[in-house]
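**Student:** Model the structure of this input:
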Amino acid sequence: MNDVRSRKHTCSLVRLVAGCVALACLALATSPALAKDAALKDNHALDQAVDAIIKEHGADLKFSLWLGPAEGEAWYQRNADAVLPTASSIKAFYLVLFFDRFKDQLDQPVPGAAKVLNDDNHPAISHFTPQQREDIRRELTTATVRQVGKIMIDSTITSNAVYNAAANLVTSVLGGPEAITQAIHRLDPAFKDVFARRYMLRERKPGDNEATAAAFAALYQRLATGKLAGIDEATLTAVRETLLTEKNAQRGTRYSKGGLLKSDPLTRVHAGWWDTPQGKFVYVVMTAKPIPENPGPSDTIEALSKTTTDLNQLLVDAARARLE
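**Tutor:** You can find the predicted model right below:
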């Protein structure tokens, strides 16, 4: 009698568990949020989502993606070793070198600034208009190292001319584009595919500023963890404070430096890291597109910016889903 009751009880439990599993599966299948989270954790599904965004944009789009934790291998990457134009995003590398060079003078004026900025023939400022050069001299000549770093990184606090001239001043005091390239390569072997070849807003031919998504990812991993060989903690803290972009109790804190160029090839970059309540993650999205002889609707910086933003949001959503 007891055996019969036991078997009935066991069968009831099996049916109950099976029913719960079926309900869970049904919930996953019918809940857009759960289905989306599940898809974001799958790289094959992520590939399909990326391809859909790229297809919507149109032909001739070059892109490079990297997503992963603050330490360790990528969760997801596409074309991460492709060398693409950086626009202003390369300034994150400049910032590290600049603050390290003058780490004991962060709150003092930039040594040699007046000599560079008062020379109308210097490649750092010769391509700006007389009015722009006047603005540049007024805002940068006596600015501190820390202030010039912030102006170079944050495009919202001054004019575009001063914003880019700040990077050109940094380029000059660090020895010029070639010297910066060599200094970046000495910092870390992971930065071997970063190339500074010109001052900001000068002609992009014969050489442009370029890098890979993998190199940016390596930089932001090291900044996020505070582990960049040869750079002391105080300097890394100053760099992080300058890159601070957004702070939100629920979303977390974002550190980033993007880039945008309207000249040929059109260029857009989103790169940085998030420090969230669930953990840190690094993201890099690089896109570039040549301007054809007869441009169409997708051959604009607005269209490229939308595509880049869509890709970036996809990666950020994927990271948050994986950290939950």
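**Student:** Which residue ranges of the stretch 151-300 of the chain form helices?
**Tutor:** Along the stretch 151-300 of the chain, counting by DSSP state H, counting those that start in this stretch, helices occupy 160-173, 177-187, 213-225, 233-243.
**Student:** Adding distance to residue 84 and mean neighbour count, write those helices out as JSON lines.
**Tutor:** Backbone N, C-alpha and C define where each C-beta goes, glycine included. Converted to JSON lines, the helices of the stretch 151-300 of the chain look like this (distance: least, CB to CB, whole Å; neighbours: other CB atoms under 10 Å):
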{"stretch": "helix 160-173", "distance to residue 84": "19", "mean neighbour count": "24"}
{"stretch": "helix 177-187", "distance to residue 84": "16", "mean neighbour count": "17"}
{"stretch": "helix 213-225", "distance to residue 84": "8", "mean neighbour count": "24"}
{"stretch": "helix 233-243", "distance to residue 84": "21", "mean neighbour count": "17"}
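**Student:** Residue 141 is nearest to which of those?
**Tutor:** The minimum distance between residue 141 and these falls on helix 160-173, with 9.3 Å, by CB to CB.
**Student:** quick one, that closest one and helix 177-187 angle?
**Tutor:** Interaxial angle, helix 160-173 versus helix 177-187 (axes from the mean of the first three to the mean of the last three CA atoms, to 10 degrees): 70 degrees.
**Student:** 6 is where my numbering starts, stick with that
**Tutor:** Renumbered: residue one is now 6, and that last one reads helix 165-178.
**Student:** How far away from the center of its chain is helix 165-178?
**Tutor:** The chain centre lies 20 Å from the centre of helix 165-178; the measure is CA atoms, centre = their mean, to the nearest Å.
**Student:** cool, and stretch 146-154?
**Tutor:** Using CA atoms, centre = their mean, the offset of stretch 146-154 from its chain centre is 23 Å.
**Student:** That stretch: end-to-end distance?
**Tutor:** With CA to CA, to the nearest Å as the measure, the ends of stretch 146-154 fall 13 Å from one another.
**Student:** same thing with stretch 211-224?
**Tutor:** First-to-last distance for stretch 211-224 - CA to CA - comes to 26 Å.
**Student:** Which residues does that stretch contact?
**Tutor:** Stretch 211-224 has contacts (CB atoms under 8 Å, 6 or more residues apart in numbering) with 69-71, 73, 79, 82, 84-92, 94-95, 97-98, 101, 182, 193, 195-203, 276, 287, 289-291.
**Student:** Show me the strands in the stretch 206-329 of the chain, by range?
**Tutor:** Assigned by DSSP state E, counting those that start in this stretch, the stretch 206-329 of the chain shows strands spanning 215-216, 249-253, 257-261, 264-266, 271-281, 284-294.
**Student:** lowest-confidence stretch among the ones you listed?
**Tutor:** Lowest mean pLDDT within the strands of the stretch 206-329 of the chain: strand 249-253, at a mean of 94.
**Student:** before we move on, back to that, just tell me which of the helices of the stretch 156-305 of the chain ends up closest to residue 45.
**Tutor:** With CB to CB, the closest approach to residue 45 among the helices of the stretch 156-305 of the chain belongs to helix 218-230: 18.7 Å.
**Student:** now the angle from that closest one to strand 271-281?
**Tutor:** Going by the same axes, to 10 degrees, helix 218-230 is angled at 30 degrees with respect to strand 271-281.
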